[in-house]
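Enquirer: Dropping the sequence and predicted coords here.
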Amino acid sequence: MISERVQYLVERYIVDLLTEEEKAELTKWLDEDPGHRALFREAIELEFHLDSQLSAPDEDEKDKLVDLQKAASLGWLGKWEHVGVAALLMICLTFGWMLWSNRVRPTEEGTGASDSFAKLSSVSSDVVFREDYELPRKEGSYLGKGWVLLDRGTVEIEFHSGAQVAVIGPAVFGIDTEMRSYLDSGKVTVHAPGVARDFVVATESMEVVDLGTRFEVEVDPKSRESNVSVIEGLVDLHLGSRGTKRMIRPLEAGYAARVDAYGRIVEITSRPGSHPGTGGGDAAILAHWTFDEIGADGRVEDRAGDQLDGVLQPGKRPKFVTGASGKALKLSAGEAVDLREHVSTLGQLEDFALTAWVRDPGKPLAMLFSYSGETEQHRVQFLLFPQHIDFGWQDGPHYDAISGRVDGWVPGQWYHVAMTARGGLVRLYRDGELIAFGSMGSRIGMPVSSPSRVNNASHAYLGRLEDGRQGEATSHQWFDGEIDDFQIYSGALSHEGIQFVFEHPGEVWTPEVARQ
């Protein structure tokens, strides 16, 4: 059983309120019994699996402490369901401190395959281990929880999960489980194949979560800055430190990020010789509405040849203006292009791209495209705000979005906006420039959705979202601006494709263009 006093000490440590005397008291309790450390570790492992309980936006420190105090009455494990996102990161940092301070280190004789997390697969000839290094040193030895301490040289570690890590000295690298590790200082290179997806390298200020990739992490022992470089694939950076808000930022192949000791991104750069952000190259035009002509019956012709014609609602005479290419359509609140008869076709989109020219988008938001059920409870949407471009999605009560910041919309000026989705990675563009990308949303970290994943879809519009507010009183969301040359692609346009449709208004990207 865990006493109320110990619960109190752990809770104060999580929110960084321990005095030196209390820290010594907690450390003494941890040292008394390996079972204490095991129980603490189990509580942490439980929290890492409670993704559905994560809340956003982050609460301030006072609210988090109140939540923790309320949760104490539920018992040791019950309280973890109430820990906020920032507190979760503090738990991670707490465990890093635990791992270092208490060092549960199996000896070479006492560690076998059944009770280990990894194997020492290679040791370079120039390796020099630190004097206090106590894990096995021979190639082929199994490794349990503990620290790899190198003064020089390189060791390669193969985790039982399939992840392969090369530790380059001088370095201090911790083994937690077969899916978690901790880099205190030095450099590691990681290859985490599909079977080891979600493998974690934690540092003092963040966690690098693998999404099937090769990457490098380096921690400066003096400044505590971290450098993450993605060689292949994608990682998510779970950023933040004590006293800061936690956020998730993806980093894809060809990019490197420098993160300070507080979990703040100092800069993101492209790696020399790489070509980041190219997206897919297999996109094919699905629908193309130029708005140059609209039939007497309100029919908005699809020029792509697949006959995904829309219908202008509510049947008023269309208002044309001079567009980025030919004519453009002016929409007001209450007007939209109805695509409901093509819901089944649009619902097959998993990887896709949306592009359009816009002018004077309405405030406070302009709903450019939506695909949904009868209400907003299940949907994906592409929309514009005064200072942002968003791609958002909702599944039941949970809504999330990828958001790209822009410098506003100059009245009377045409802008090209675009989004692509490929393999759960969303990219947002304005005027051909990448402004944001993400594999999870900025609010609660819910994985990216697509039309193919919208439950019971029945509505699709250009310029409208069905039932923008829940309840008896409904208020639809509209575009209220001018729109031209809207294109939908099956497959994600490459960066070159986005550049082409921006530089050639009215034209579409095709495989033939790509080969020129």
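Expert: Nice, thanks for sending it over.

Enquirer: okay, and for the stretch 51-200 of the chain, where does confidence drop off?
Expert: In the predicted model, the stretch 51-200 of the chain carries pLDDT under 70 at residues 51-114.

Enquirer: can you give me the helices for it?
Expert: Per DSSP state H, counting those that start in this stretch, the stretch 51-200 of the chain carries helices over the ranges 61-71, 85-102.

Enquirer: can you check the chain too?
Expert: 4-14, 20-32, 34-48, 61-71, 85-102, 343-346, 495-503, 511-515 (DSSP state H).

Enquirer: hang on, Arg405 packs against Ser442?
Expert: No. The pair Arg405 / Ser442 is not scored as a contact, 11.1 Å apart, by Cβ atoms under 8 Å. Where C-beta positions appear, they are placed from N, C-alpha and C, glycine not excepted.

Enquirer: Settle it for me: which of the two has more neighbours?
Expert: Neighbour tally, Arg405 and Ser442, criterion other Cβ atoms under 10 Å: the higher count belongs to Ser442, 18 against 12.

Enquirer: Return the distance of that one relative to Val148.
Expert: Applying Cβ to Cβ, to the nearest Å, the value for Ser442 to Val148 is 35 Å.

Enquirer: ditto for Val127
Expert: 11 Å.

Enquirer: joint contacts of those two?
Expert: Val155 (Cβ atoms under 8 Å, 6 or more residues apart in numbering).

Enquirer: Between these two, which is the more surrounded one?
Expert: Per other Cβ under 10 Å, whichever of Val127 and Val148 has more neighbours is Val148, with 25 against 16.

Enquirer: Bridged to the more buried one, which residues?
Expert: Taking DSSP bridges, one finds Phe173 as the beta-bridge partners of Val148.

Enquirer: thought it was touching Gly169?
Expert: No. Assessed by Cβ under 8 Å, Val148 is found out of contact with Gly169, at 9.2 Å.

Enquirer: mind listing what the most centrally placed residue in the chain touches?
Expert: Centroid-nearest residue in the chain, with Cα atoms, centre = their mean: Met440, separated by 3.1 Å. Going by Cβ under 8 Å, 6+ apart, Met440 touches Asp236, Ile248, Pro250, Asp400, Met446, Pro447, Val448.

Enquirer: Show me which residues of stretch 337-354 are buried.
Expert: Buried residues in stretch 337-354, counted by 16 or more other Cβ atoms under 10 Å: 337-339, 342-343, 345-347, 349-354.

Enquirer: Let me have those in CSV, extended by pLDDT and distance to Val190.
Expert: Output for the buried residues of stretch 337-354, formatted as CSV (pLDDT from 0 to 100; distance: Cβ to Cβ, whole Å):
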residue, pLDDT, distance to Val190
Val337, 96, 47
Asp338, 96, 49
Leu339, 97, 44
His342, 96, 44
Val343, 95, 42
Thr345, 94, 41
Leu346, 96, 38
Gly347, 94, 37
Leu349, 94, 33
Glu350, 91, 28
Asp351, 93, 26
Phe352, 96, 31
Ala353, 97, 31
Leu354, 98, 34
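
Enquirer: Which ones among those residues map onto strands?
Expert: Members of the buried residues of stretch 337-354 lying in strands (criterion: DSSP state E): Val337, Asp338, Phe352, Ala353, Leu354.
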